[in-house]
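Novice: Requesting a structural model of the entry that follows:
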Amino acid sequence: MNPRKNPLPAVAHLALPLFLASQAIAQNVTIDLNKTHQTIRGFGGMTHRVWTGYDLNASDRNLAFGNGPGQIGMTILRMWVSDQESQWSLEVPTAKDVVSRGGIVFATPWSPPSSMRVPGGNNFKLNPANYGSFATHLNKFAKYMKDNGAPLHAISFANEPDWCYDWTCWTPDEVYNFTKNNAASLREQGTKVISAESFRYDKNYYNQILNDANVLKNIDIIGAHFYASDAKTANSFFQYPLADGKGKERWMTEHYTESKGDANMWKGWINTGDQDQTPKMDSVRALDVAYEIHRALVEGQFNAYVWWYIRRDYGPIKNSDGKVSKRGYCMANYAKFVRPGFVRVEATKNPSTHVYLSAYKKGDSVVVVVVNRSATANLNISIPAATGLTKMQKYTTSATKNVNDDGSVPVVNGSLSVTFDAEAVTTLVGTSPIAPPEPKGPFSGTAAAIPGRIEAEDYDKGGEGKGYHEGDAQGNQFDATYRNDDVDIEATKDSTGAFDIGYTLAGEWLEYTVDVKADGKYSLDLRLAEVADNRTLHLELDGKDITGPVVAPNTGDWQSWTTKTVEPISLTKGEHLLRLVFDSSYINVNYLEFRPFVPTSVLKQRTAGASPIRSNIASGAIELDTEGAFTFRISTPDGTLLESGAGTGPTSVGSRLAPGLYVVRVRSESGSFEGTVLKN
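Specialist: Residues are numbered from 1 along each chain as shown. Presented below is the predicted three-dimensional model:
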């Protein structure tokens, strides 16, 4: 983006007067922790060394991405993809620092290399003949960052295609065509794909994609900028009914509320002329940052909010003195407390004139943020499902406070009464008494049977380090609510099953308590989907690798499924701990299924006719459904003969054998058959 922007919509907006008399009558607020909305990914900003002439220094990084006193608590960094590879290294130091803190980094290109351009729009366009080459360029950048210790969480392909001040212009049709034919390939390095980022959240750049399910699957995140909006803009600007329910996150990837005034100006009336370049007198309020974040999260259902330059005199950190600004502290009232993985819950969003409220939860924690744009306000807050809360800590940013700890507010039976400072943003933070850790054990209460199918999402209870290990503890990055932890579970589009595991990272694992019914050799079917070559996983039983590296086939889409079979695997009877370990990132898993191993030679014999060998669960015998005379032999899997005989017609054999896995061979007038049978 560039400070010069297209004008605000021509329709005049009338600001309601801000009454400064105290709102003496307390208004009622209800927070429903059981009605959930979007998962919050975090808050952040951008650095762009080529344009600004400087990178964030160590102090800046601590102020922006630290979460101690006086720090903002950002967890997201946006960075620029230069069209010149020689400049890529400039962005690495800050990106590595953010990743080392557990934050995430995403990248946006302004333009392709000059060789890929053709004249068009305000300046130039990407030549459609070079769409594939441009995708290769972006994947190369993603690999560069990955190889240099700062893997990208996501990547976009177009910055402000509808403004293109001195960068690439795109029409909505061109964005649609690139998304249709090339966007999915940007996942090559395990990155998510962000849509083109319209500078004015122009829905025309997204409508075609949202209306085409086959194209929509090629992106993961809808990215948008909020230019052409201000504090007087109607809520409808942020709302997008067509995107609701599509299963795609929405990220506000760039904006500043105003750039002519000082970021420490709490409230003023100055000559801005900011976004339309026409000098005009307008109000400037640091509190507008908190108000915009509120509307992004509540009205727009955005998952992430990312400011423009982090260090600028109108930004979260002032360039002139290197200190957090009032605008930065307004963001901190969200970023420090509504951490990645928190889920927004239903709440009375506008309890009184100029008072705006939102609420969030994660585990036992509850966070409430109130933006009060007018006089002192009194609210009676009811949180019926939070009867374990005894107090909430209060943090306020105002003209005289910077995320000040204002002490605790008592909570009785889920209810509290709070007075909020005039013209301030206040955060309430509460934690219920910590429940005892969930004991380690099978998800259903009973060990999963082998042979049998194990749904990937039915990993053991016990939480992090016991039932699973999650490398990106930001809550479930999908919308499925099957489990309440950090494992990424989504509704599957496979032909069987309800859910699958996705967004896996190298080093993560899932553990299952299993009950192997009999000693023997088994075949393992893994139901997988992924979009790159040579990614691997393996299985361990009681800490021992039992499969070696299993290469997941490239299925071309994260919801195009295939079955990978590994055999034979020797297992011993009894209860064990089975661990699914991801050696590579981004392999989706629907289920694991173990079945008795049948040698290839036996499978070939069976093609001559249907096998007559059956296991009768009710009687515990082995049924031989033959015609005419036959002979049979029953052996252990290692070849030890246990029973043999002859007969005529259908009969039962092996009734005196103990439960276990057996190899049965039958020779009759219909042919020779061999089968592996599990006897209960």
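
Novice: Now name the helix or strand holding the residue lying closest to residue 25 once chain neighbours are set aside.
Specialist: Spatial nearest neighbour of residue 25, excluding adjacent residues (Cβ to Cβ, 6 or more residues apart in numbering): residue 378 at 7.3 Å. Using the backbone N, CA and C atoms, a C-beta is placed for each residue, glycine as well. Per DSSP states H and E, residue 378 falls inside strand 377-382.

Novice: If you count neighbours, what's buried in that strand?
Specialist: Going by neighbour count (16 or more other Cβ atoms under 10 Å), the buried part of strand 377-382 is 377-379, 381.

Novice: With stretch 226-240 instead?
Specialist: In stretch 226-240, counting by 16+ other Cβ under 10 Å, buried: 226-231, 233, 237-238, 240.

Novice: same deal with stretch 106-117?
Specialist: Here stretch 106-117 shows 106-113, 116-117 as buried, counting by 16+ other Cβ under 10 Å.

Novice: Then residue 90 would be within a helix, right?
Specialist: Yes: judged by DSSP: H, G, I helix; E, B strand; the rest coil, residue 90 forms part of a helix.

Novice: What residues does it make contact with?
Specialist: Going by Cβ atoms under 8 Å, 6 or more residues apart in numbering, residue 90 touches 49-50, 55, 82.

Novice: Any regions of the protein where pLDDT drops low?
Specialist: Along the chain, the model assigns pLDDT under 70 to residues 1-24, 273-282, 433-437, 473-475, 477, 479-480, 599-611, 615-620, 680.

Novice: what about the longest helix in it?
Specialist: helix 131-147 (DSSP state H).

Novice: elements contacting the helix or strand following that one?
Specialist: Later in the chain than helix 131-147, the nearest helix or strand by DSSP H and E is strand 154-155. Under the contact definition 3 or more Cβ pairs under 8 Å, 6 or more residues apart in numbering; DSSP states H and E, strand 154-155 sits against strand 104-109, helix 131-147, strand 192-193.

Novice: all strands of the stretch 501-650 of the chain, in order?
Specialist: 509-516, 520-529, 535-541, 544-545, 550-552, 562-571, 574-582, 588-596, 613-615, 622-624, 629-635, 641-648 (DSSP state E, counting those that start in this stretch).

Novice: and for the shortest one, what are the contacting residues?
Specialist: In this case it means strand 544-545. Here strand 544-545 has contacts from 538-539, using Cβ under 8 Å, 6+ apart.

Novice: try 7 Å
Specialist: By Cβ atoms under 7 Å, 6 or more residues apart in numbering, the residues outside strand 544-545 that reach it are residue 538.

Novice: any idea which element residue 251 lies in?
Specialist: Per DSSP H and E: strand 249-254 holds residue 251.

Novice: whoops, I mixed them up, residue 494
Specialist: Using DSSP H and E, residue 494 sits within no helix or strand.

Novice: So it sits against residue 563, correct?
Specialist: No: counting by Cβ atoms under 7 Å, residue 494 stays clear of residue 563, with 10.3 Å between them.

Novice: any shared contact partners between those two?
Specialist: residue 527.

Novice: Between the strands of the stretch 501-650 of the chain, which one is closest to residue 292.
Specialist: Closest to residue 292 of the strands of the stretch 501-650 of the chain is strand 588-596 (Cβ to Cβ; 35.5 Å).

Novice: could you show me where the helices are in the protein, in order?
Specialist: Taking DSSP H, the helices of the chain run over residues 49-52, 58-65, 92-100, 131-147, 172-181, 207-210, 213-216, 287-298, 326-335, 600-606.

Novice: Make a markdown table from the ones you listed and add distance to residue 589 and mean neighbour count to it.
Specialist: Formatted as a markdown table, the helices of the chain follow (distance: least, Cβ to Cβ, whole Å; neighbours: other Cβ atoms under 10 Å):
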| stretch | distance to residue 589 | mean neighbour count |
| --- | --- | --- |
| helix 49-52 | 40 | 14 |
| helix 58-65 | 32 | 20 |
| helix 92-100 | 25 | 19 |
| helix 131-147 | 22 | 18 |
| helix 172-181 | 27 | 19 |
| helix 207-210 | 27 | 19 |
| helix 213-216 | 23 | 14 |
| helix 287-298 | 32 | 24 |
| helix 326-335 | 33 | 28 |
| helix 600-606 | 26 | 12 |
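
Novice: Tabulate these (CSV), appending distance to residue 159.
Specialist: Listed next are the helices of the chain as CSV, based on distance: least, Cβ to Cβ, whole Å:
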stretch, distance to residue 159
helix 49-52, 12
helix 58-65, 21
helix 92-100, 17
helix 131-147, 12
helix 172-181, 12
helix 207-210, 17
helix 213-216, 20
helix 287-298, 19
helix 326-335, 22
helix 600-606, 55
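
Novice: Now do the longest strand along the chain: which elements does it pack against?
Specialist: Identified as the longest strand of the chain according to DSSP state E is strand 23-39. With contacts taken as 3 or more Cβ pairs under 7 Å, 6 or more residues apart in numbering; DSSP states H and E, strand 23-39 sits against strand 343-347, strand 355-362, strand 377-382.

Novice: Adjacent strands (with direction) for that strand?
Specialist: strand 343-347 (antiparallel), strand 377-382 (parallel) (DSSP bridges).

Novice: Turn the strands of the stretch 501-650 of the chain into a markdown table, including distance to residue 219 and mean neighbour count.
Specialist: Output for those, formatted as a markdown table (distance: least, Cβ to Cβ, whole Å; neighbours: other Cβ under 10 Å):
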| stretch | distance to residue 219 | mean neighbour count |
| --- | --- | --- |
| strand 509-516 | 27 | 21 |
| strand 520-529 | 17 | 21 |
| strand 535-541 | 21 | 19 |
| strand 544-545 | 37 | 10 |
| strand 550-552 | 22 | 19 |
| strand 562-571 | 23 | 15 |
| strand 574-582 | 24 | 19 |
| strand 588-596 | 17 | 23 |
| strand 613-615 | 49 | 19 |
| strand 622-624 | 54 | 21 |
| strand 629-635 | 56 | 18 |
| strand 641-648 | 59 | 13 |
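
Novice: Same list (those strands) but as TSV, adding distance to residue 316.
Specialist: Shown next, in TSV, are the strands of the stretch 501-650 of the chain (distance: least, Cβ to Cβ, whole Å):
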stretch	distance to residue 316
strand 509-516	37
strand 520-529	40
strand 535-541	38
strand 544-545	48
strand 550-552	41
strand 562-571	46
strand 574-582	36
strand 588-596	36
strand 613-615	67
strand 622-624	73
strand 629-635	73
strand 641-648	76
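
Novice: Quick one: closest of those to residue 269.
Specialist: It is, among those and with distance given as Cβ to Cβ, strand 588-596, at 54.4 Å.

Novice: Show me what that closest one is packed against.
Specialist: Secondary-structure packing of strand 588-596 (3+ Cβ pairs under 7 Å, 6+ apart): strand 452-455, strand 499-501, strand 520-529.

Novice: and that strand with strand 562-571, angle?
Specialist: Interaxial angle of strand 588-596 relative to strand 562-571 (axes from the mean of the first three to the mean of the last three Cα atoms, to 10 degrees): 40 degrees.

Novice: wait, residue 231 sits on residue 286?
Specialist: No: using Cβ under 7 Å, residue 231 makes no contact with residue 286, being 11.3 Å away.

Novice: could the contacts of residue 90 be laid out in TSV, adding distance to residue 211?
Specialist: Shown next, in TSV, are the contacts of residue 90 (distance: Cβ to Cβ, whole Å):
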residue	distance to residue 211
49	39
50	37
55	41
82	34
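
Novice: Quick check: of the residues you listed, which lies closest to residue 534?
Specialist: Using Cβ to Cβ, the contacts of residue 90 come closest to residue 534 at residue 82, 28.5 Å.

Novice: how about the buried residues of stretch 226-240, which pair is most distant?
Specialist: 231 and 240 (19.7 Å).

Novice: dump the residue contacts of the nearest residue to residue 676 once chain neighbours are set aside.
Specialist: Take residue 676 and drop its neighbours on the chain: the residue closest to it by Cβ to Cβ, 6+ apart is residue 596, 4.0 Å away. The contact partners of residue 596, by Cβ under 7 Å, 6+ apart, come to 451, 520, 522, 661, 676, 678.
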